[in-house]
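Okay, predicted coordinates and the sequence, questions at the end:
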Protein chains: 2
Amino acid sequence: MANSPTGDSVTDRLVRVLETFTPTRTVQTAAEIGRRAGLPSSTAHRVVGDLVAAGLLDRDGDGRVSVGLRLWALATRSSHALRMRQAALPAMERVQARVREHTQLAILEQDEALFLERLSHPEAGANITRIAGRLPLHAASSGLVLLAFADRAVQERVLTRPLRRLTAATPTDPATVRRTLAEVRRLGHVIAPGYVDVVSTGVAVPVRDAAGRATAALSVVLPREAPTALALEELRGAARAVERALGAG
Amino acid sequence: MANSPTGDSVTDRLVRVLETFTPTRTVQTAAEIGRRAGLPSSTAHRVVGDLVAAGLLDRDGDGRVSVGLRLWALATRSSHALRMRQAALPAMERVQARVREHTQLAILEQDEALFLERLSHPEAGANITRIAGRLPLHAASSGLVLLAFADRAVQERVLTRPLRRLTAATPTDPATVRRTLAEVRRLGHVIAPGYVDVVSTGVAVPVRDAAGRATAALSVVLPREAPTALALEELRGAARAVERALGAG
């Protein structure tokens, strides 16, 4: 594909433009996009214009652009994310109806936990997870079960990098994380009090394939000191249901 | 952006590649993509390679590619589709719990009904709608309420084009559709027996903004001869709840 003078492909520039959009920054001018993507203003205007013409970005009356519905539809309709989410949604709804707290589905993606779905009860507590958002594997309860049942190579890669501290309770010592992962494999679940957010405890279980690897994690976010038994029981049942729905049971 | 000898931009080629993926065709070889996108084989291999390198497509061990999770995440996390869907999901879950049939959320997009969300009850009947799928405005119940409460210019544009017949019951005469739209405006809902699928009846209501335009449609798909009163009552309540959630109530 055509390359710019600096050697990055048009696809790279397109990704850099898309990456400037976040859950809290959904509308931007082309100039803002250029600054945030590190592109010259003229390049940013040209890439944005092209993306608007193709319907991948939408431009409003004030000339500001947002991620277009056409891009969402193209990316969603045939995606693995949608298939996994469709298999998991009925079981997640049952968990949420009984536990009445945030119920989440995550997968391992590029050495992070990527959240595919989140059901939020109106009265549920704080939760910083967002759909299509990411959290570090060593901190999020979902991440810990994904990592515990991942290939050994993934575990080694993650544990030899610096482990970011999100709260005072986040485990950042590789030896501590290794012990936690061993316990997760033994128990089949994890309880992560305050690892991501001081006010919350994450409870997670793996959804496993026939080879025993975690294909996804189901989790509930509870208030920090809440009992975890009900959530754990519901999550275990939900994981078996998702495994059956995926044909791995 | 760089153009090919035939004058289509790299972004256009990228869209043509993505459009070859559908809900029923999620994995393809680069050669298949090239054939379906109408691109020379060498171009298709180059574009696919670039998209794989950028993480927008994933390549499996057999060299076949699928839509990548990174593309899904980029397209989803800041999209209008996600915001609308998050506002609507709690009300949709209540509808589905009570009516126990497919419950759907659609918006008007490029003169079609684009489905943002679908909750399916395991025992619910047939339904050809898919998330991120589209149906014609004059046929789907969601489409009819979106069209009835759309700008007059949209109505005229849609009604002056050929109206596709999906079943023997699909209204394809513009005068008939106009009368239906007038009735939808009067009643605030539509019942569409067999318009999309001979075995189903769609029931839909608009989610309206402060100016009275439909920003979305909520619908339920019932077996063709099922009573519609409960679905209608639940949908009306849900639409008010979504309007409040969107701050338009």
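Looks like it came in fine. Numbering: from 1, shown residues only, chains lettered A, B, ... in the order given.

CA atoms for contacts and neighbours, from now on please.
OK.

how about the strands in chain A?
Counting by DSSP state E, chain A has strands at residues A:57-59, A:65-67, A:102-109, A:112-119, A:134-136, A:190-193, A:200-208, A:214-223.

Need the contact partners of stretch A:85-97.
With CA atoms under 8 Å, 6 or more residues apart in numbering or on different chains as the test, stretch A:85-97 has contacts from A:102-105, A:116-117, A:119-121, A:231, A:234-235, A:238-239, A:241-242, A:245-246, B:121.

Among those residues, name the buried ones.
A:102-105, A:116-117, A:119-120, A:231, A:234-235, A:238-239, A:241-242, A:245-246 (16 or more other CA atoms under 10 Å in any protein chain shown).

Can you pull out the low-pLDDT segments for chain A?
Low-confidence segments of chain A (pLDDT under 70): A:1-8, A:121-129, A:248-249.

That one - how does it break down into domains?
Under automatic domain parsing, the residue ranges defining each domain of chain A are A:10-74, A:79-245.

May I ask you to confirm that A:V196 is in contact with A:A140?
Yes. In terms of CA atoms under 8 Å, A:V196 counts as a neighbour of A:A140; the distance is 6.0 Å.

Which one of the two is surrounded by more residues?
For A:V196 versus A:A140, neighbours defined as other CA atoms under 10 Å in any protein chain shown are more numerous around A:A140 (30 against 25).

quick one, what contacts that one?
So A:A140 contacts A:113, A:192, A:195-196, A:202 (CA under 8 Å, 6+ apart).

who touches the most centrally placed residue in chain A in this structure?
Nearest to the geometric centre of chain A sits A:L114, at 2.0 Å (CA atoms, centre = their mean). Contact analysis of A:L114 by CA under 8 Å, 6+ apart lists A:106-108, A:132-135.

List of residues touching stretch A:18-38?
A:16-17, A:40-41, A:43-45, A:48, A:63-67, A:130, B:74-75, B:77-79.

If you count neighbours, what's buried in it?
A:18-23, A:26-31, A:33-34, A:37.

what do you get for stretch A:190-209?
For stretch A:190-209, by 16+ other CA under 10 Å, it's A:190-209.

ok, and which of those residues reach chain B?
Under the cut-off given by CA under 8 Å from any CA of the partner chain, chain B has nothing from the buried residues of stretch A:190-209 close to it.

Which stretches in chain A count as helices?
A:10-19, A:30-37, A:41-53, A:69-76, A:80-99, A:141-148, A:152-159, A:174-187, A:229-245 (DSSP state H).

distance between the ends of stretch A:144-157?
14 Å (CA to CA, to the nearest Å).

With stretch A:143-160 instead?
16 Å.

before we move on, back to that, closest to B:V10 out of the helices of chain A?
Closest to B:V10 of the helices of chain A is helix A:10-19 (CA to CA; 7.2 Å).

Just give the closest residue to the residue nearest to the centre of chain A, not the sequence neighbours.
A:R134 (4.6 Å; CA to CA, 6 or more residues apart in numbering or on different chains).

how close does A:R179 get to chain B?
Counting by CA to the nearest CA, to the nearest Å, the gap from A:R179 to chain B is 30 Å.

hmm, I was thinking of A:D58
Taking CA to the nearest CA, one finds A:D58 at 10 Å from chain B.

what's near enough to touch that residue?
Counting by CA under 8 Å, 6+ apart, A:D58 has contacts A:52, A:65-69.

tell me the contacts of the residue nearest to it when sequence neighbours are not counted?
Nearest residue to A:D58, sequence neighbours excluded (CA to CA, 6+ apart): A:G68, at 4.9 Å. By CA under 8 Å, 6+ apart, the contact list for A:G68 reads A:55-58, B:75, B:79-80.

Output those residues in TSV; the columns should cover distance to A:L163.
Shown next, in TSV, are the contacts of A:G68 (distance: CA to CA, whole Å):
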residue	distance to A:L163
A:G55	39
A:L56	35
A:L57	35
A:D58	38
B:A75	28
B:S79	30
B:H80	34
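
Out of those, grab the one that's most surrounded.
B:A75 (30 neighbours).

Touching, that one and A:V67? I think so.
Yes. Using CA under 8 Å, B:A75 is in contact with A:V67, at 6.6 Å.

thought A:T11 was touching B:G55?
No. Assessed by CA under 8 Å, A:T11 is found out of contact with B:G55, at 9.9 Å.

Distance-wise, check the closest residue in space to A:V145 that isn't next to it in sequence relative to B:A75.
Counting by CA to CA, 6+ apart, A:P206 is the residue found nearest to A:V145 once chain neighbours are left out, at 5.7 Å. The spacing between A:P206 and B:A75, counted by CA to CA, is 26 Å.

what do you get for A:R213?
Distance from A:R213 to B:A75, by CA to CA: 28 Å.

Also A:L135?
Distance from A:L135 to B:A75, by CA to CA: 18 Å.

How about A:G247?
28 Å.

excluding its backbone neighbours, what's nearest A:E109?
Leaving aside its sequence neighbours, A:E109 is closest to B:L69 (7.7 Å, by CA to CA, 6+ apart).

in terms of contact, does that neighbour touch A:S79 like I think?
Yes. If you go by CA under 8 Å, B:L69 and A:S79 touch, sitting 7.2 Å apart.

I would like the residues contacting stretch A:240-249, please.
Contacts for stretch A:240-249 (CA under 8 Å, 6+ apart): A:84, A:87-88, A:91, A:207-210.

whoops, stretch A:219-227 was the one
Contacts of stretch A:219-227 (CA under 8 Å, 6+ apart): A:101-105, A:124-127, A:141-142, A:193-194, A:198-205, A:228, A:231, A:235.

repeat that for 7 Å
Residues outside stretch A:219-227 that contact it (CA atoms under 7 Å, 6 or more residues apart in numbering or on different chains): A:101-105, A:125, A:127, A:142, A:193-194, A:199-205, A:231.

quick one: it to chain centroid distance?
Chain-centre distance of stretch A:219-227: 19 Å, with CA atoms, centre = their mean, to the nearest Å.

buried stuff in it?
A:219-224.

Going by distance to A:T170, which of those wins?
Closest to A:T170, out of all of the buried residues of stretch A:219-227 and judged by CA to CA, is A:R224, at 13.7 Å.

I am finished for the moment; much appreciated.
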